[in-house]
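>>> how does the following fold in three dimensions:
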Amino acid sequence: MTGKIDQTDWARLHAMTDEEAEANALADPDNIPLSAEQLASAPRMPRIKIIRRALKLTQEEFSALYHIPLGTLRDWEQGRSEPDQPARAYLKVIAVDPEGTAAALRKGAA
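Residues are numbered from 1 along each chain as shown. Okay, the predicted model is just below:
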């Protein structure tokens, strides 16, 4: 924090019912909910970027560790292309067991 004091009335917020909280959120003119059409057309953060960031790896490190061409990785993250079905399955394996996946790739290279 940059020296700002939290002026949130947490007691009041915690005392609100779910219905009151939702009504307040819907009444906020600065945060109008998206329509179904807007939500459907909104750009998505590619899952690959979430996985890579969770592993605290740069694009270059992730690319080298998991044998994904750097240009392909960048295209996926920037939404220029999307992983095909086998690549999505591979990304799921990385997400579930990143260390095991990297170890298997190292073994295969030996």
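
>>> okay, stretch 27-41 in PDB with CA atoms only?
Extracted as PDB, the C-alpha positions of stretch 27-41 are listed here (Å, rounded to 0.1, in the frame of the first residue of the first chain):
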ATOM      1  CA  ALA A  27     -26.700  -0.200  -8.500                       C
ATOM      2  CA  ASP A  28     -23.000   0.800  -8.900                       C
ATOM      3  CA  PRO A  29     -22.900   3.000 -12.100                       C
ATOM      4  CA  ASP A  30     -19.200   2.500 -12.400                       C
ATOM      5  CA  ASN A  31     -19.400  -1.300 -12.500                       C
ATOM      6  CA  ILE A  32     -22.400  -2.200 -14.600                       C
ATOM      7  CA  PRO A  33     -22.800  -6.000 -15.100                       C
ATOM      8  CA  LEU A  34     -22.100  -7.200 -18.600                       C
ATOM      9  CA  SER A  35     -24.900  -8.600 -20.800                       C
ATOM     10  CA  ALA A  36     -24.600 -12.200 -21.900                       C
ATOM     11  CA  GLU A  37     -23.600 -10.900 -25.400                       C
ATOM     12  CA  GLN A  38     -20.900  -8.700 -24.000                       C
ATOM     13  CA  LEU A  39     -19.600 -11.500 -21.800                       C
ATOM     14  CA  ALA A  40     -19.500 -13.900 -24.700                       C
ATOM     15  CA  SER A  41     -17.500 -11.500 -26.900                       C
END
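
>>> pLDDT of it, averaged?
For stretch 27-41, mean pLDDT rounds to 85.

>>> likewise stretch 70-85?
Per-residue scores along stretch 70-85 average to 92.

>>> quick one: secondary structure of K107?
When classified by DSSP: H, G, I helix; E, B strand; the rest coil, K107 comes out as helix.

>>> from memory P98 sits against L55, does it?
Yes - if you go by C-beta atoms under 8 Å, P98 and L55 touch, sitting 5.6 Å apart. From N, CA and C alone the C-beta is placed, and that goes for glycine too.
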